[in-house]
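# Sequence and predicted model, in that order:
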Amino acid sequence: MKGIAKAIKRTPHLMTSKVGMSKKSNDPEFDEYHRKFTSMESSIEKLLKDTKAYSENVNTMLQSGQQWSIHFANIFRPLSGEFDIAEKHPAAGNTLQNTDIYQATMEELKEALAPELELIQTKIYAPAKELQGILKQIRKTITKRDHKLTDFDRFTNSLTKLRDKKEKSLSDEKNLFKLEQEYEVASNEYEHYNNMLKTEMPQFMVLATQFIDPLFHSFYYMQLNIFYIMVEKLQGFADGKYTVPENTQQMLDEYHERLGESQEQVEGLGITKRITSTAKMMATARAGGGSTLGRANTSASTSTNVSGVSRSTSSFVKKPPPPPPSATTAAPPPYSPAPSSLATATKRAPPPPPPLKPKPKPAVQYVVALYDFQAQADGDLDFMTGDRIEIVERTPSQEDWWTGKLNGRQGVFPGNYVQEA
């Protein structure tokens with residue numbers, strides 16, 4: 001409840017400082033350390049994420065290789081009693097014998113790499129996680145410092161406003177005495193946290209660098225050991241069974257040589273082609289003059305019985321077809337276009353729309369330096385008081401880093417060091 005009450009008291013000052021109605025203090029030296037610290041927090045978070053992903057992906061690769069060997073063995077083992085591939089295709093006998101060996105090799109490889117992956121978890125991920133915990137503690141101290149800065153600015157603004165008041169009442173004098181005491185407490189607390197962070201944050205960053213450096217070397221050698229174990233196991237599987245190609249092109253040449261004409265033969269099988277519909281099959285058969293269905297004699301065959309003796313062996317006589325509709329129906333009148341159609345055909349198309357006007361380019365903004373600023377890191381833009389700086393990118397708040405150009409150089413600079421030109 002105490003923290004909630006303080007947050008409620010700080011809210012009006014935070015709102016007024018955002019819109020520029022209240023003064024807000026800043027320390028450029030601390031801001032630079034804070035920016036580097038934030039970058040370190042982000043890097044540690046990504047390091048933990050990538051380390052975890054590396055271990056999971058190696059496990060996934062081993063599991064996939066093991067399952068691949070199982071599926072490959074099942075493909076070469078059809079149902080019993082159908083046929084024997086080794087007898088029908090002797091060239092595949094070596095492959096049939098090695099599927100079980102490959103499956104066992106992948107299981108051994110998974111067991112051999114389990115300690116190495118566990119070592120990454122204990123020697124890389126766990127220390128980095130511990131460092132992240134320390135960063136979180138420092139982040140809490142930084143948040144505490146920001147709260148004390150807010151209290152310091154709040155009491156400074158209230159005290160200045162009350163001191164500048166020309167006619168003070170008795171209540172104002174009492175409040176002035178109280179504000180002076182609160183201002184002194186807030187000032188001492190803020191200076192304590194601010195000076196402590198400015199003094200110890202650079203020391204911590206040096207120590208953190210010394211802590212991260214051995215982690216990098218350890219992770220490199222752990223990766224190297226994982227690759228060495230994988231190569232050793234797979235090379236042991238291939239010795240005496242296969243000739244390992246020297247390069248990728250040689251492997252492709254051997255593959256196409258062993259493949260032979262198998263691909264063309266498979267593509268020539270009818271079951272591998274697209275299924276033709278029944279309608280297309282019947283149309284093809286009729287176009288060739290054949291028929292797959294027995295038909296009765298047509299009227300043309302029955303009309304040849306001039307002598308009254310039927311040539312057909314059946315007593316059934318098919319009736320003649322009915323006359324076509326054109327014999328009893330009058331022809332439609334000739335088409336004559338309507339008068340409106342000629343007008344429509346000769347009507348001109350509407351004029352094209354006018355071209356779009358080009359958008360005006362935004363005006364170049366400039367600011368004037370109020371103070372001298374010396375570059376504190378790579379990418380900073382230093383300047384002298386009175387320099388005219390071209391704005392490249394800016395944020396709504398002056399308490400932030402802006403990007404600008406000066407004398408052909410581009411870099412970032414504090415927005416509260418300049419004013420509008």
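Now that the structure is in, tell me what you want to look at.
# any weak-confidence spans in the stretch 251-400 of the chain?
Along the stretch 251-400 of the chain, the model assigns pLDDT under 70 to residues 276-283, 285, 288-349, 357-361.
# For the stretch 1-150 of the chain, which segments count as helices?
Ranges of helices within the stretch 1-150 of the chain are 2-18, 28-75, 85-88, 93-120, 126-163, based on DSSP state H, counting those that start in this stretch.
# closest to L406 out of the ones you listed?
Proximity to L406 (CB to CB) singles out helix 28-75 among these, at 18.0 Å. The way it works is simple: take the backbone N, C-alpha and C, and place the C-beta from them, glycine included.
# and the angle from that closest one to helix 93-120?
150 degrees (axes from the mean of the first three to the mean of the last three CA atoms, to 10 degrees).
# tell me which strands and helices helix 28-75 is in contact with?
helix 93-120, helix 126-163, helix 170-238 (3 or more CB pairs under 8 Å, 6 or more residues apart in numbering; DSSP states H and E).
# want to throw those helices into CSV with mean pLDDT and distance to A7?
As requested, the helices and strands packed on helix 28-75 are arranged in CSV below (pLDDT from 0 to 100; distance: least, CB to CB, whole Å):
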stretch, mean pLDDT, distance to A7
helix 93-120, 83, 42
helix 126-163, 90, 9
helix 170-238, 89, 15
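# Output these in TSV, with mean neighbour count and distance to D372 appended to each entry.
As requested, these are exported to TSV (neighbours: other CB atoms under 10 Å; distance: least, CB to CB, whole Å):
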stretch	mean neighbour count	distance to D372
helix 93-120	15	50
helix 126-163	16	24
helix 170-238	14	20
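# among these, which is nearest H34?
helix 126-163 (6.6 Å).
# what's the angle from that closest one to helix 28-75?
150 degrees.
# Okay, helices next: where are they in the stretch 301-421 of the chain?
Under DSSP H, counting those that start in this stretch, the stretch 301-421 of the chain gives helices at 339-346.
# tell me which residues of stretch 383-401 are tucked away?
Residues of stretch 383-401 classed as buried by neighbour count (16 or more other CB atoms under 10 Å): 383, 387, 389, 391, 394, 398, 401.
# sorry, back to before: dump the helices of the stretch 1-150 of the chain into a markdown table; add distance to Y190 as well.
Putting the helices of the stretch 1-150 of the chain into a markdown table (distance: least, CB to CB, whole Å) gives the following:
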| stretch | distance to Y190 |
| --- | --- |
| helix 2-18 | 13 |
| helix 28-75 | 11 |
| helix 85-88 | 82 |
| helix 93-120 | 43 |
| helix 126-163 | 4 |
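# To K233, which of these lies closest?
helix 93-120 (4.6 Å).
# out of the helices of the stretch 1-150 of the chain, which comes closest to G379?
Counting by CB to CB, G379 lies closest to helix 28-75 out of the helices of the stretch 1-150 of the chain; the figure is 10.8 Å.
# what angle sits between the closest one and helix 170-238?
On the basis of the same axes, to 10 degrees, helix 28-75 is oriented at 30 degrees to helix 170-238.
# Now do helix 28-75: distance to the chain's middle.
Per CA atoms, centre = their mean, to the nearest Å, the displacement of helix 28-75 from the mean C-alpha position of its chain is 15 Å.
# re earlier: how about a markdown table for the helices and strands packed on helix 28-75, with distance to Q410 added?
Formatted as a markdown table, the helices and strands packed on helix 28-75 follow (distance: least, CB to CB, whole Å):
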| stretch | distance to Q410 |
| --- | --- |
| helix 93-120 | 42 |
| helix 126-163 | 30 |
| helix 170-238 | 27 |
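# I'd like to know which of the helices of the stretch 1-150 of the chain is closest to G268.
Taking those one by one with CB to CB, helix 85-88 is closest: 19.1 Å.
# any idea which of the buried residues of stretch 383-401 is closest to H34?
W401 (11.4 Å).
# got a list of what the nearest residue to that closest one once chain neighbours are set aside touches?
Counting by CB to CB, 6 or more residues apart in numbering, W401 lies nearest to V412, which is 4.5 Å off, once chain neighbours are set aside. By CB atoms under 8 Å, 6 or more residues apart in numbering, the contact set of V412 is 379-381, 401-404.
# In the sheet, which residues pair with V412? Tell me.
Beta-bridge partners for V412, by DSSP bridges, are D380, T403.
# Next, work out how far apart it and I389 are.
Distance of V412 to I389, computed by CB to CB, to the nearest Å: 11 Å.
# what residues are shared contacts of these two?
Common contacts of V412 and I389 (CB under 8 Å, 6+ apart): 381, 404.
# Generate a ChimeraX selection restricted to the buried subset of the contacts of V412.
One line in ChimeraX is enough to select the buried ones among the contacts of V412; burial here means 16+ other CB under 10 Å:
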select :380,381,401,402,403,404
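# ok so, going back, looking at the helices of the stretch 1-150 of the chain, which is nearest to K174?
Among the helices of the stretch 1-150 of the chain, helix 126-163 sits nearest to K174 (CB to CB), with 10.7 Å.
# starting at the chain centroid, how far to the closest one?
Averaging C-alpha positions (CA atoms, centre = their mean) puts helix 126-163 34 Å from its chain's average.
# And for stretch 254-265?
Relative to its parent chain, stretch 254-265 has a centroid offset of 39 Å by CA atoms, centre = their mean.
# All set now, cheers.
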